[in-house]
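> Dropping the sequence and predicted coords here.
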Amino acid sequence: MHIGRMFMLGFDGTVVNEEHWVVRAICEERLGGVILFDRNVDGSVQNVSSPAQLLELTAALQKYGQGRLLISVDQEGGQVCRLKARDGFPETVSAKILADYDEQEAFAAAEEMAVTLAAYGINFNLGPVVDLDLNPDNPIIGRYGRSFSGDPERVIRYARIIIQAHHRHGIGCCLKHFPGHGSAGADSHLGFVDATGDWQEKELIPFARLIREGLADAVMTAHIINRGLDPQGLPATLSGAVINGLLRKGYGYSGVVVSDDLQMLAITREWGFAEAVRRAVLAGVDLLVIGNNLERREDALTVGVRCIQKMLDRGEIDADYIEASLKRIAVLRDKILGIQSWNSSKPTA
């Protein structure tokens with residue numbers, strides 16, 4: 001059982017070799033994936049400086065990962081975009097602008113994005129955003145044009161276009177941020193966000209429909225609190241009521257659940273790293289994201305794996321529970337590799 005497969009880490013560096021800690025994590029602890037950023041929070045280059053450099057980086061990562069590593073970015077378009085024109089990549093537009101295109105134009109734009117990602121070794125896009133644009137004062141979704149629309153049907157239509165274009169080029173997608181971040185009035189990067197009074201049930205519609213259509217390769221959780229869905233007031237990422245309850249049992253979702261970055265202040269202000277890992281796993285998260293952008297932790301994988309192993313040792317979870325997560329991640333990886341079709345959720349033998 002390779003528990004390391006349940007983690008997706010960010011790291012510093014535009015090149016990697018055997019001495020880099022992330023390479024050791026890939027080779028020795030079977031790290032499941034990496035998340036790339038173009039710039040650090042201080043504006044310095046983190047992982048992406050040019051097309052040629054990125055191609056060399058992803059090729060090296062896959063060499064160490066034996067071709068089975070998830071290599072992800074947040075390539076939503078517009079301002080939330082890791083492969084930027086300033087570094088030599090094609091221009092992109094935000095979701096809000098894309099939703100003003102007709103469907104043929106939107107597909108062409110989505111396909112250009114997917115072709116670019118595939119060309120430079122990215123196989124997992126942490127998008128599209130299917131949050132509804134419901135709050136003009138939303139500082140993290142509405143402000144940056146990350147939502148297609150406030151209309152669920154329009155969001156579904158354009159998210160479908162994005163996903164289908166990516167699938168044509170062997171790239172997995174991730175719907176975010178469940179159960180809906182578009183109505184919230186604060187940014188979970190900066191602390192607790194209680195959306196209980198703002199959230200609307202229609203925010204679930206895009207997730208439910210795209211799951212039903214077999215277009216949810218992965219679903220990313222939000223760090224928002226919604227007491228209507230979890231009376232304990234836990235952020236969705238740490239809420240069994242939201243993930244194992246609403247998402248898994250309510251909607252019959254059998255794909256990968258991805259956490260938003262566990263280093264965001266909505267999590268770290270209340271829980272230590274190991275406790276956040278523990279609670280996220282208990283809640284039903286399969287793939288734990290540690291961006292290593294807001295904070296640097298070269299020991300994140302070691303500490304995280306140790307935490308899950310302790311949960312197993314003391315009987316807090318059983319091996320079958322972790323194996324189920326690993327199988328879901330394996331299915332996603334097999335879809336990306338073309339071993340399984342995109343509309344299949346059955347694990348390989």
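Looks like it arrived, so ask away. Numbers count the residues shown, from 1 in each chain.
> okay but residue 26 is in contact with residue 68, surely?
No - using C-beta atoms under 8 Å, residue 26 makes no contact with residue 68, being 10.0 Å away. Where you see a C-beta, it was placed from the backbone N, CA and C, and this is true even at glycine.
> And those two? Which one has more around it.
Taking other C-beta atoms under 10 Å, residue 26 and residue 68 do not tie; residue 26 has more neighbours (26 against 17).
> And the more buried one, what's its pLDDT?
For residue 26, the pLDDT comes out at 98.
> who touches it in this structure?
Counting by C-beta atoms under 8 Å, 6 or more residues apart in numbering, residue 26 makes contact with 61, 64-65, 69.
> Helices - which of these land there?
61, 64 (DSSP state H).
> Looking at the contacts of residue 26, point me to the pair that's furthest apart.
Spatially, the most separated pair among these is 64 and 69, at 7.7 Å (C-beta to C-beta).
> so how far is residue 327 from the most centrally placed residue in the chain?
For the chain, the residue nearest the mean C-alpha position is residue 126 (4.4 Å; C-alpha atoms, centre = their mean). Counting by C-beta to C-beta, to the nearest Å, the gap from residue 126 to residue 327 is 21 Å.
> got the residue ranges for the helices in this structure?
For the chain, the helices defined by DSSP H cover 21-29, 51-64, 95-98, 103-119, 152-167, 205-212, 265-268, 273-283, 300-313, 319-336.
> worst average pLDDT in those helices?
Of all those, helix 265-268 carries the lowest average pLDDT, namely a mean of 82.
> can you pull the alpha-carbon coordinates of it into CSV?
C-alpha atoms of helix 265-268 as CSV (Å, rounded to 0.1, in the frame of the first residue of the first chain):
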residue,chain,number,x,y,z
LEU,A,265,-5.4,29.9,6.5
ALA,A,266,-8.9,28.6,6.7
ILE,A,267,-7.3,25.3,7.7
THR,A,268,-4.0,26.2,9.3
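> mind checking how far that helix is from the chain centre?
Helix 265-268 has its C-alpha centroid displaced from the chain centroid by 17 Å (C-alpha atoms, centre = their mean, to the nearest Å).
> Show me what it packs onto, helices and strands only.
The criterion is 3 or more C-beta pairs under 8 Å, 6 or more residues apart in numbering; DSSP states H and E, and there are no helices or strands that helix 265-268 contacts.
> re the thing from before, so residue 64 and residue 69 - more neighbours on which side?
Neighbours were counted for residue 64 and for residue 69 using other C-beta under 10 Å; residue 69 has more, 23 against 19.
> give me every residue that touches the more buried one.
Per C-beta under 8 Å, 6+ apart, neighbours of residue 69: 26, 31-34, 61-62.
> how about a markdown table for the residues you listed, with distance to residue 131 added?
Output for the contacts of residue 69, formatted as a markdown table (distance: C-beta to C-beta, whole Å):
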| residue | distance to residue 131 |
| --- | --- |
| 26 | 32 |
| 31 | 29 |
| 32 | 25 |
| 33 | 23 |
| 34 | 25 |
| 61 | 30 |
| 62 | 31 |
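> my read: residue 278 touches residue 309, true?
No - counting by C-beta under 8 Å, residue 278 sits too far from residue 309 to count as a contact (11.3 Å).
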